[in-house]
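K.L.:
Just the structure for this:
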Amino acid sequence: MLRRPDLSRFDPASAGDPDASVFGVPCTRDEANLVLVPVPWEATTSYGRGTAQGPAAIRGASPQLDLFDVELAALGLGEPWRWGVHMLEESSRVRAWNERACARALPIIAAGGAIGDDAALQSALTDVNTLSRELDRWVEAEVGALLDAGKRVGVVGGDHSVALGAIVAHAARNPGLGLLHVDAHADLREAYEGFERSHASVLRNALERAPALGTLVQVGIRDLSADEHAFAREHPRVRTFYDHALRRERHEGKSFAAQCRDIVAALPQRVYVTFDIDGLDPALCPGTGTPVPGGLGFGEATALVLALVEAGKTVVGFDLVEVAPRAGDEWDGNVGARLLYKLCGAVLASHGARDDAAG
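P.N.:
From the prediction side, this is the model:
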């Protein structure tokens, strides 16, 4: 049950406090109903880099948001912040693991994953895979402990591989859990460049490591391998709404609202959202590591997330990944912070938070 904290000391009409928690709101971990776990990790990023700076960029941009959201207000929760959202500090252990793993991974990435009999590259690959498994265990334990303490949890990445531990932790506590996966990529590879816990393998790993998962519903996919296409087509728990197919339907007159209803209907009652920022039009996320033309507009993405609430689904948690800021440009962090606020609102609203509820 949600309990609204006393945040009366904060004036939402003033500038957010940059020294406070996320969105500039002075809400502690203990007060918060929703806790965000930053995971600055990008060891297996295979093209553009920088997503390890994503959590800090999102947090840094977040205090400049206006905290009344008219779109969420239509669902009765125009001010999610009043129900308490807190972002933890980044873990120094994760930062250290990331530095070591990136240093070991870069020669493998430079070789395109063609390791062959090269003993040095084989040793590096073993190290990266070991560190990646360690990260998964850390994320699963952190998220699991927060869930067991009665918190709702969102993970802020980092590359998409950071989602695996969070998905496993949520699925263990929600048998039959559905995944809404927004992305340009299917992320269903068995491995990529030899990395068994690659960002390009995270949904395949989730299906294999969390047998209690229900349906995986993918939206916006427009860049994938033939093997991934075959895997998605043949797997009984995978349903893919390809970007080109959605676009064709709209050209033929189907509304996006109707498409959202189709997508949401394919999911079970309890849903976890895994949102890769490159599922959006790359104009909204130009710094992301693997941008692909096409994708959802910002309004389409938020309409899809909030359609879960409108349909009465319970959004148990989420991750937001692959935000990668560019030097001297706050756009990626700005968009990420705004999407994060919508995701927070969806979780809280689906658990009964409302502007007029005392809690």
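K.L.:
Let me know the secondary structure of T240.
P.N.:
Here T240 takes the strand state, with states given by DSSP: H, G, I helix; E, B strand; the rest coil.
K.L.:
How about the contacts made by it?
P.N.:
When the contact criterion is C-beta atoms under 8 Å, 6 or more residues apart in numbering, the partners of T240 are 186, 217-218, 221, 232. (Glycine included, C-beta is placed from N, CA and C.)
K.L.:
Tell me how far it lies from A212.
P.N.:
Distance check for T240 against A212: by C-beta to C-beta, to the nearest Å, it reads 21 Å.
K.L.:
that older thread, what is the nearest of the contacts of T240 to V153?
P.N.:
Distance from V153 was checked for each of these by C-beta to C-beta. The minimum falls on V217, at 20.6 Å.
K.L.:
Would you check that the closest one makes contact with P268?
P.N.:
No - in this structure V217 lies outside contact range of P268 using C-beta atoms under 8 Å: 9.8 Å.
K.L.:
so what sits against both of these two?
P.N.:
With contacts taken as C-beta under 8 Å, 6+ apart, V217 and P268 have G178 as neighbours in common.
K.L.:
Can you check the pLDDT for D183?
P.N.:
The score at D183 is 98. That number is its pLDDT.
K.L.:
since we're on it, how many residues are nearby?
P.N.:
29 (other C-beta atoms under 10 Å).
K.L.:
Identify the residue nearest it in space, chain neighbours excluded?
P.N.:
In this structure, D183 finds its nearest non-sequential neighbour in D276, 4.0 Å apart by C-beta to C-beta, 6 or more residues apart in numbering.
K.L.:
Determine the set of other helices and strands touching the helix or strand of the chain with the lowest mean pLDDT.
P.N.:
When the helices and strands of the chain are scored by mean pLDDT, DSSP states H and E, helix 92-110 comes last with a mean of 93. Taking 3 or more C-beta pairs under 8 Å, 6 or more residues apart in numbering; DSSP states H and E as the contact definition, the neighbouring helices and strands of helix 92-110 are helix 119-148.
K.L.:
What residues sit buried inside the helix it packs on?
P.N.:
Going by neighbour count (16 or more other C-beta atoms under 10 Å), the buried part of helix 119-148 is 121, 124-125, 127-129, 131-132, 135-136, 138-140, 142-144, 146-147.
K.L.:
about what we covered before: tell me which two in the contacts of T240 are the farthest apart.
P.N.:
Across the contacts of T240, the longest distance by C-beta to C-beta is 12.2 Å; it joins A186 and V217.
K.L.:
Could you report the neighbour count for I277?
P.N.:
Using other C-beta under 10 Å, I277 has 31 neighbouring residues.
K.L.:
So that it lines up with my notes, have the first residue be 12 from now on.
P.N.:
Yep, numbering from 12; the last one is I288 now.
K.L.:
On the pLDDT front, check it for me.
P.N.:
The predicted local confidence for I288 comes out at a pLDDT of 98.
K.L.:
Surely V48 and E153 touch.
P.N.:
Yes - checked against C-beta under 8 Å, the pair V48 and E153 is within contact range at 5.5 Å.
K.L.:
Contacts only, for A314.
P.N.:
Residues counted as contacts of A314 (C-beta under 8 Å, 6+ apart) are 267-268, 271.
K.L.:
If we use 7 Å, what do you get?
P.N.:
For A314, the contacting residues are 267, 271, by C-beta atoms under 7 Å, 6 or more residues apart in numbering.
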